[in-house]
Structures are given as structure tokens and as C-alpha cells.
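J.: Could you look at this predicted model? Sequence included:
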Amino acid sequence: MPDLGKYADAVLSAYALSVVLIVALIVVSVLRSNRMRTDLQTIEKKLKTDG
Amino acid sequence: MNLNTLWEYANPKKFIQTTDRVLPWVAGLAALTLGAGLVWGFFFTPDDYRQGSTVKIIYLHVPSALMAINAWLMMLITSLVWIVRRHHVSALAARAAAPVGLVMTLIALLTGAIWGQPMWGTWWAWDPRLTSFLILFLFYLGYIALWAAIENDDTAADLTSILCLVGSVFALLSRYAVNFWNQGLHQGASLSVAPGERMAMTFKLPLYVSMAGFVLLFVALVLMRTRTEIRARRLRVLIARQRMEHA
Amino acid sequence: MRAGGGFGLGLSFFLIVVVLVPFSVGPQNALLAEIAPGVLWLGALLACLLSLDRIFALDWEDGSLDLLATSPLPMEAIVSVKALAHWLTTGLPLVLAAPVLGLLLSLPQEGYRWVIISLFLGTPALSVIGTFGAALTVGLKRGGLLLSLLVLPLYVPTLIFGAEVARRGAEGLAVTTPLLLLAGITCGTIALLPFASAAVLRVNLR
Amino acid sequence: MMLSVSDLMISRGGIPVLEGLSFALGAGDVLVLRGPNGCGKTTLLRTLAGLQLPVSGRIDVASESLVYAAHADGIKTTLTVTENLRFWAQVFGQENIMPAIEAFHLAPLADRPAGALSAGQKRRLGLARLLVTGRAIWVLDEPTVSLDAEAVAMFATAVRTHVADGGAALIATHIDLGLREARLLDLEPYRARALATDDFDGSFL
């Protein structure tokens, strides 16, 4: 851990906030991607069996 | 590569097939570069003699600000491609990029405010650059809200493309207006965010790595989200068709 | 094209905003005089915004918009006339009311001229930009809030230059540069934006 | 031929509804479109009116020869009957509104605000609008909704007079208008078949 001096709060909060935002964006994107994939597979299977 | 082969990727199926192979590599590379850039920036850079350790925020602030603008630029280009050549992937890529751009703008704003607090003694100053980013943030919100509000996909693509075009012109105008306006209020830009004219290599190198990381992250996210949008679009069409057949 | 109705609402809203300002910032005349040009511009802008969703709403509901679109009139002319009608019923009354409301805010003597001039030059741009926003959201059920969100960032340059003219005028400074820029924005939007509005309206009528 | 359509394919909300549609309309013709709800009658008429583009196929029609009347009448409720007609006459560059008022017996209502009219009277005003446009081809979507028998007869007479003068009419309707000269066109055979489910690009049409 580097010595951040008197600005430790600012630097740490900047990094924490940014990482949280980026991770949240990635998680949301991945979750939605997976859900769309399964939803699409379900309906395509259903359409095939229906004829 | 000639242009005709490039347009092939505008075919949704081809796009999904290609990105199936490319996406893992881009994502891995993005994680690696971004991780390296941020770890380097956070742990292994010296403090600035004037700004102290806050200089480390630069490795987040500058790349995210860069991507905030480039994301809008990419949306502008893909919107134009949609208007001129009507490739669906293009319109959906613009839709996929908008939330990423929004988050990038938010990061740039937040890190800017956190940086400004110790440096300028205030969380927020109506500095031209900060103000421009706030306006850009509003543009992203409006663009995303318009996509969400319209049911018909083609209509939404057309309307958002035109909004993106008109918005770009007005964003440029705002940038100019804001510059003018703040100089009118304060003499000179005493609170400029611009770092020193010549940065030492020790700061520059990790900054470049971090920038590359943000670019790769953006590319990976947009590819993945475009795939999602293509599937979502197909899903809606299939559901609508099913409903029509049973009607 | 006429027969919209309910446009007087904008004027009342302008009055309300201006009357509420002293209650919120305090009754000191010096302070009010300083912020008067900005308050007048902000009030005019919000009043304009309030009536935007009426531009196409009635014509959309009763089907005239479809019929107008299939008439010999070009769509660009239709949106231009709509913008003009909006300006005549909303923008122009605001310009005329501004000096009266300026009295309430103890606007400095030199300010009146420039407030009127800047509003007169700037409100047409507000109407034209607003028509674009209204064309984007025509037919949407919850279009009102979205319309504000879309139009507000587009209003920024006009507001900045317009308020700057009024403020500098009130302080007795040179106004040429912002005045030219404001006029430029107004001319530019009037010349170009109707094409975008027409394109958007055609898409929405499909 | 005043209006000819060949191998037309149209879609609603991104899904094809009609395909392979061809027909022609000449001076003096009345063509009545039939088909179940949702088969694409309105979409077809809107496409002919130029409000939306066909997916494929050709529509040949002289420019500015067609007038479209939708479900909604496009009447301003605050204006009187005469003012409404005069407004539309101006839009189409015409002046004389008297034939329109006579054909639909609107004279007793002429100075009444349109908002005070009954649904049937409004409809008559909406149809009278066709006469002030001076256009040759009428494209009408369910013109007889909320009309009583007497008013339907007025409408039939107006159509007959119009086509006798060398005009033409294309009408989507469910009821019998009593127009013996009218041809019928059933849209059922032209309904678009569903595309194969594994046709990925097809879903983007």
C-alpha cells in the first residue's frame, strides 16, 4: 500500500467509486447478455417444436 | 481490406459469429491492460510535488473523459451509417454504446469533483470543461430515454440517430458557449483541470496503459452489448410473429 | 393550424416563476437587480418548455397530422408554421411581458432594452428547437417529461448567449459578441432544424 | 391507369403483413378492399398514401392525385364546419367549398363549431373534406363508421358522382355500400406467410 499522505481519502474514494461503477456496468451487461441468450433459445426451441 | 468485406459484418448473423471468436480475446486483453494501468498508476507512481498523491486520480479521470467523448463520437458515426446504409447492427451498436458512454461521463465527473475538492477547495466549479461534461451527461440521458420510450425498433433507430446528429451539433455549440460564458464570469481560467504542460515519463507511461485499458474495455463492452441488443431485437420480432400467427 | 388553445398558460407560468423568485432568495432589491436578467431568461425558457407538447398533440389526436402529411404542403413548411405559431402564441407574449416582470425584480434601467432585444432574438430559436423535440416525442404516451429531457440540453447555448446579452446590457457592458452569436444561433436553427423536425415527423407518422 | 400496384409487400411494426399484391385502378373504378381485422388494410392504404414505405414492389401513381381519409377525421373542434372545410381547401389550393357542403347536407350545420357535432355529423364533415381537395383518387379507410343509413346513401351518391367525373375510389369497408359498379378485392390470399424460424436475417426485415 503506497503512502497517500493527506489526500488518501480523495484518491481512495476516486478509485473505489470508479471501480464500483465499472464493475456494475460489466455485471449488468453480462447478466442481460445471458438472459437474452437463454430467452432467445427458449423461444426458438418452442417455435421449432410447434412446427 | 476493401470496404465490401467490412460491410459483411453489418449482417447480424455474421456479427454474432465473428464476435463469438473475437470477444473473449478483447475482453481478456481489456482486463489485463486496464488492471495493469490502474495498478501501476495506484501503487507504483510517485506523488507530484505540487498535487501530492491526488495526481493518481489522473489515471481514471483522463481515460474516462476520453472515452466519454469517443463513445459519443462512435454513436455519431454508427448513427450516420444507419441513416445512410440502414445496417441494423450499426443502429444497435449505437444503442449499446450509450450506457457505456454515460458511465464513463459519470466517472469523469465524479473523479473530477473528488480531485477538485483538495485542489481547488470545492467539489464543483462551473469550469468550462466540467460544465461541458455535465451537458454531455444530459445528452446521454436523453438519448437513452428516447430509445427506451419508443416501441417500434426501426422508428426508435431513426429518431435516435437524428437526435444524435442534432445533439452533436448542439454539443459543439454548447462547448463553445460554455467557454465564452465562463470567461465572461472569471478573468482567466484559474481553476483549469489541465495538468502541467510537460508531464514526466513516469506519469505518462501508466496513463497511456490506462487509456488503452479503457479503450479495450469500451470495445469489449460495446461488442457484448451489441450482441445482446441483436438478440433482444430478434426476440421481440419472434414474439410479435408468434402472437400474429395465433391471432 | 391555429385553434390550439391553452397557450396563455405559458404567460401565467412566466409570471409565477418571477413572483416566486423574491420569496426564495429574499427581498433585497440589489440582489434581485443583479439576478433579474438571468431570472427573466430562465422563466421565459421554462414557460416555453411548458407549452411544447401542445405543438403537435392536438393534430396528432384528431388525425389532422396524417392528413396534412398527405397534403401538398411539404413537411418542412408544416413544422415551420407550427414553430411560428408556437412563437407567436408563447414567445412573443413572453417578450412583451418581460419588461413588466422586470419591474418586479427591480431590473436596472439600462437592462430593459437588452432584455427585450435578447428575448426577441432568442425565443424564436427556443420555439424551433422545441418543435424538433415535440416532433421527436409526438404520439408517445408519457412524452412530456421526455420532451423536457431532450430539449433542455439543446437549449443551453441559446440560454447562455441570451442571458449573457441581457446581463451585460443591464451592467452597461459591451454586448456585441454575444448578441451576434445569439442571432447566429437563431438564424442557424431556423434555417436548418425544420429539416430535421420534418424528417423526424415523417418517421413518427409511419 | 390512374393507380397501379405490382407485387407489393408491406409490413407493420417490422413484420410483413401482405405480399404479392397487384391491382390497378382506372378512371371510373371503385375498388372495395375486404379482409379480416388486422390483415393489413390500414397499412396498405397508408402505404398508398405515402405515409410509409413498402418493403418491396411498385406503386405507380401520378403525384398529387390522391387523397387519403383515415379513421380519424382531422377536424378542429374549435372551428366551425365552414372554417374546417375552408382550411382544408386552402391546404389543397382549392376555393369552392359549396359542392362539399351540399353533397353531405351540411348547410344547416355550417356555422356550428365542429366540437358540437355528433359522431355521425363529424364523419360527414370528414368525408366532405374529400370534395374540397380536388384530388382524383380517393383512398378511404372505413368511411362509413358511425354513419346512419341515410348518410351512407349520401356517401354512396358522392362516390358515384366522383367516379362519373373520371375519378376513382379505393375503399376499405365491411359493409355493403350499395355501389353495384364496385369491384371487390379480398386481401386474404395475399397475407404474408411466416418466414422460416431459422432465417436470422429475416427477422430484421
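T.: Arrived safely.
J.: So which bits of chain B are right by chain A?
T.: Contact residues, chain B versus chain A (Cβ under 8 Å from any Cβ of the partner chain): B:38, B:42-44, B:47, B:52-54, B:56-57, B:60-61, B:64, B:99-100, B:103, B:106-107, B:110-111, B:114-115, B:117-118, B:217, B:221, B:224-225, B:227-228, B:231-232, B:234-235, B:238-239, B:242. For glycine as for every other residue, the C-beta is placed from the backbone atoms N, C-alpha and C.
J.: Filter those down to the buried ones, ChimeraX style.
T.: Buried residues among the residues of chain B next to chain A (16 or more other Cβ atoms under 10 Å in any protein chain shown), as a ChimeraX selection:
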select /B:38,42,47,52,53,54,56,57,60,61,64,99,100,103,106,107,110,111,114,115,117,118,217,221,224,225,227,228,231,232,234,235,238,242
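J.: what about the helices in chain B?
T.: According to DSSP state H, chain B carries its helices in the segments B:3-8, B:12-43, B:58-85, B:88-120, B:128-149, B:153-185, B:201-246.
J.: so which of those helices is the most packed in?
T.: Using mean count of other Cβ atoms under 10 Å in any protein chain shown, the stretch among these with the largest mean neighbour count is helix B:88-120, at a mean of 23.
J.: For residue C:135, report the pLDDT, please.
T.: Note on residue C:135: pLDDT of 92.
J.: hmm, the helix or strand where it lies in reach of chain D?
T.: Residue C:135 is part of helix C:111-137, with elements assigned from DSSP states H and E. No: Helix C:111-137 lies apart from chain D when judged by Cβ under 8 Å from any Cβ; the minimum separation is 15.1 Å.
J.: Moving C-terminal from that helix, which element do we reach first?
T.: helix C:143-171.
J.: Not counting sequence-adjacent ones, nearest residue to the residue in chain C that chain A sits nearest to?
T.: Closest contact between chain C and chain A, by Cβ to the nearest Cβ, is at residue C:149 (21.3 Å). Excluding its sequence neighbours, the residue lying closest to residue C:149 (Cβ to Cβ, 6 or more residues apart in numbering or on different chains) is residue B:142, at 4.8 Å.
J.: Would you mind confirming that that neighbour is in contact with residue C:153?
T.: Yes: contact status for residue B:142 versus residue C:153: in contact at 6.4 Å, counting by Cβ atoms under 8 Å.
J.: Who is the closest residue to residue D:59 other than its chain neighbours paired with across the strands?
T.: Residue nearest to residue D:59 in three dimensions, not counting chain neighbours: residue D:5, with 5.4 Å by Cβ to Cβ, 6+ apart. For residue D:5, the beta-bridge partners are residue D:23, residue D:59 (DSSP bridges).
J.: Likewise for the one 5 residues further on?
T.: For residue D:10, the residues forming beta bridges with it (DSSP bridges) are residue D:18.
J.: distance of it from residue B:208?
T.: Distance from residue D:10 to residue B:208, counting by Cβ to Cβ, to the nearest Å: 54 Å.
J.: For burial, what's the neighbour tally of the residue of chain C closest to chain A?
T.: 20 (other Cβ atoms under 10 Å in any protein chain shown).
J.: Can you pull the residues of chain B lying near chain C?
T.: Counting by Cβ under 8 Å from any Cβ, chain B comes close to chain C at B:135, B:138-139, B:141-142, B:145-146, B:149-150, B:155, B:158-159, B:162-163, B:165-167, B:170-171, B:173-174, B:176-178, B:180-181, B:184.
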